[in-house]
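A.B. asks: here are the coordinates; sequence isn't available:
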Ligand SMILES: Nc1ncnc2c1ncn2[C@@H]1O[C@H](COP(=O)(O)OP(=O)(O)O[C@H]2O[C@H](CO)[C@@H](O)[C@H](O)[C@H]2O)[C@@H](O)[C@H]1O
């Protein structure tokens, strides 16, 4: 099968979070299974060019219709760790992707509407006719809309779309100008409740809703989150739309790329280890302490890695840090915040705790350091308010770092409480789960592993090893996606 992924991220060249990991990991797995995969991405000025091999011009004269005229774009091509990627660069005074950041501009909806249109124009003009186009999140929600309403009449009638939602909170809200810019026009047609009209704001278009309504298959990133999105307020207003399109909607649990996330081969950690020489993990703990100037004492390290925003339960992250410090543990945080109030809060904490030898807060994005933390820490917390899938607990498990998570979304599908899980036998349980989002619930689930670490190290080691037994690679999810592609490919 010939599959083209259209996305705003692909790790490690463009990575703001888990979306990038998934786009890369799934593409690699599909290729391993014998399919042909290409990726179309924006050419941001700030992406990691050091991860692209052989970048060269692939299509220099791509004119993308935009409002009444057209925007001239160049398309570059290169390999990102073996994946063939096309990067679209618009030449325009609007500086679409030369902003020094991936997201966060007031005109993000226009930037990604143009990208979606340019991706389709590129496929059309370069005569690429994939069997399946796989799009991700709100940024590419207009791809299936434009494919079905316009490009199918230009010669792309056989292309089918799978649309994956990684985060329902960000849906891409826009006004009528997007219709005029992209050439969709027909305001009264698209502002209908069964088309793109936002379910809350009748004067806004919703890109993600467009993705759901127009795609041949819609997925989110875990079975439990698929349920939550339909039946709870976590669908952020799209529950009804999902309900109407339920026959096309499923949850497929993400995987992690074992080439990249593997303590046996990880290029960023000093000591490699497996289940059989687990004691080597201690050397990474020592290296982590040296790197972050933590004191070398008999204490466990609890870690947090992730975006610092409301979704991630930052109030609980903050509380866990002080709980760890008051209860004989060290704490390491690696995170970045886009919201200034949260950023200021953690900056203040960092200054305040600067001389404490048991804690380190690293504010910013640092891929290399994240690997050392996964390998060096004893535990990782994921106290999210909601979590469509969650990759950090799966990576933690692979590295024998015991996850302590809130029982929401994909965390429910991947972590099984050592003391209370009812679905797995004791030897297959792999972490700690709490459900309420208050301090008591969190403390109860931190107290248990800390006690185990101090009082029964052998049992703690067994728990970590049980986690390493889990196979959350892309093998299985890759097969599930292929089944979905096959199903939509044969449906006319
Ligand atoms: N400061 C930092 N420095 C270095 N690395 C950092 C970092 N902050 C985060 N990371 C890395 O980024 C990834 C984050 O994974 P998450 O599952 O938390 O994704 P996120 O919430 O961004 O995305 C959404 O999409 C993903 C993929 O579908 C879902 O798993 C998730 O639930 C959903 O919210 C991990 O690889 C982590 O190591």
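C.D. replies: Yep, that arrived. Please read all numbers here as calculations on a predicted model, not as lab measurements.
A.B. asks: contacting residues for the nearest residue to residue 257 once chain neighbours are set aside?
C.D. replies: Spatial nearest neighbour of residue 257, excluding adjacent residues (Cβ to Cβ, 6 or more residues apart in numbering): residue 25 at 3.8 Å. C-beta here means a position set from N, CA and C on the backbone, and glycine is covered the same way. By Cβ atoms under 8 Å, 6 or more residues apart in numbering, the contact set of residue 25 is 11, 254-257, 260, 474.
A.B. asks: Please tabulate those in JSON lines and include secondary structure as additional columns.
C.D. replies: Output for the contacts of residue 25, formatted as JSON lines (DSSP: H, G, I helix; E, B strand; the rest coil):
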{"residue": "11", "secondary structure": "coil"}
{"residue": "254", "secondary structure": "coil"}
{"residue": "255", "secondary structure": "coil"}
{"residue": "256", "secondary structure": "coil"}
{"residue": "257", "secondary structure": "coil"}
{"residue": "260", "secondary structure": "coil"}
{"residue": "474", "secondary structure": "coil"}
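A.B. asks: Can you pull out the low-pLDDT segments for this structure?
C.D. replies: Residues of the chain meeting the criterion pLDDT under 70: 491-492.
A.B. asks: Up against the ligand, what does it have?
C.D. replies: Contacts of the chain with the ligand, taken as Cβ under 6 Å from any ligand atom, map to 17-19, 21-22, 166-167, 221, 254, 305-307, 334-336, 365-367, 370, 387-392.
A.B. asks: List the buried residues in stretch 148-166.
C.D. replies: 148-151, 156, 159-166 (16 or more other Cβ atoms under 10 Å).
A.B. asks: What of stretch 20-38?
C.D. replies: 20-31, 35, 37-38.
A.B. asks: Also stretch 255-265?
C.D. replies: 255-263.
A.B. asks: what does stretch 72-83 give?
C.D. replies: The neighbour-count check on stretch 72-83 (16+ other Cβ under 10 Å) flags 73-78, 80-81, 83 as buried.
A.B. asks: what's the answer for stretch 294-302, then?
C.D. replies: 294, 299-302.
A.B. asks: How far off centre is that stretch?
C.D. replies: In terms of Cα atoms, centre = their mean, to the nearest Å, the centre of stretch 294-302 is set 30 Å apart from its chain centre.
A.B. asks: now do stretch 121-128
C.D. replies: The answer for stretch 121-128 is 28 Å, by Cα atoms, centre = their mean.
A.B. asks: go on, stretch 291-298?
C.D. replies: Centroid separation for stretch 291-298 versus its chain: 31 Å, with Cα atoms, centre = their mean.
A.B. asks: What lies in contact with that stretch?
C.D. replies: 286, 288-289, 301, 330, 332, 357-360, 362, 369, 372.
A.B. asks: give me that answer again for 6 Å
C.D. replies: 289, 330, 357, 360 (Cβ atoms under 6 Å, 6 or more residues apart in numbering).
A.B. asks: Distance from the chain centre to the biggest strand by length in the chain, please.
C.D. replies: When the chain is parsed with DSSP state E, its longest strand is strand 53-66. Chain-centre distance of strand 53-66: 27 Å, with Cα atoms, centre = their mean.
A.B. asks: what does stretch 33-42 give?
C.D. replies: On Cα atoms, centre = their mean, the centre of stretch 33-42 falls 18 Å from that of its chain.
A.B. asks: Not counting its own residues, what contacts it?
C.D. replies: Under Cβ under 6 Å, 6+ apart, the answer for stretch 33-42 is 1-6, 10, 27, 30-31, 83-88, 97, 115, 119, 478.
A.B. asks: Those in helices, which ones?
C.D. replies: Those of those mapping onto helices are 27, 30-31, 115, 119, 478, per DSSP state H.
A.B. asks: Give the full set of residues in contact with the residue in the stretch 51-200 of the chain that the ligand sits nearest to.
C.D. replies: Residue nearest to the ligand within the stretch 51-200 of the chain: residue 166 (3.6 Å; Cβ to the nearest ligand atom). Contacts of residue 166 were listed using Cβ under 6 Å, 6+ apart, and they are 19, 137, 221, 388.
A.B. asks: separation between it and residue 145?
C.D. replies: Distance, residue 166 to residue 145, by Cβ to Cβ, to the nearest Å: 19 Å.
A.B. asks: again, but for residue 447
C.D. replies: Residue 447 is 50 Å from residue 145, by Cβ to Cβ.
A.B. asks: For these two, indicate the residue with more neighbours.
C.D. replies: Of the pair residue 447 and residue 145, residue 145 is the one with more neighbours under other Cβ atoms under 10 Å, namely 24 against 13.
A.B. asks: so that one sits in a strand?
C.D. replies: No - read with three-state DSSP, residue 145 is helix and lies in no strand.
A.B. asks: now, which of the contacts of residue 166 lie within strands?
C.D. replies: Within these, no residue falls in strands by DSSP E.
A.B. asks: follow-up on the earlier one: in TSV, list the buried residues of stretch 255-265 along with distance to residue 271.
C.D. replies: Listed next are these as TSV, based on distance: Cβ to Cβ, whole Å:
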residue	distance to residue 271
255	25
256	20
257	21
258	18
259	19
260	18
261	16
262	13
263	9
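A.B. asks: Let's have the buried residues of stretch 294-302 in TSV, adding secondary structure.
C.D. replies: Shown next, in TSV, are the buried residues of stretch 294-302 (three-state DSSP):
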residue	secondary structure
294	coil
299	coil
300	coil
301	strand
302	strand
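A.B. asks: Now do the helices in the stretch 201-350 of the chain.
C.D. replies: Along the stretch 201-350 of the chain, counting by DSSP state H, counting those that start in this stretch, helices occupy 207-214, 223-231, 239-244, 281-292, 314-326, 340-352.
A.B. asks: highest average neighbour count across those helices?
C.D. replies: Highest mean neighbour count among those (mean count of other Cβ atoms under 10 Å): helix 207-214, with a mean of 26.
A.B. asks: name the helices or strands packed onto it?
C.D. replies: Here helix 207-214 is seen to pack against helix 142-149 when contacts are counted using 3 or more Cβ pairs under 6 Å, 6 or more residues apart in numbering; DSSP states H and E.
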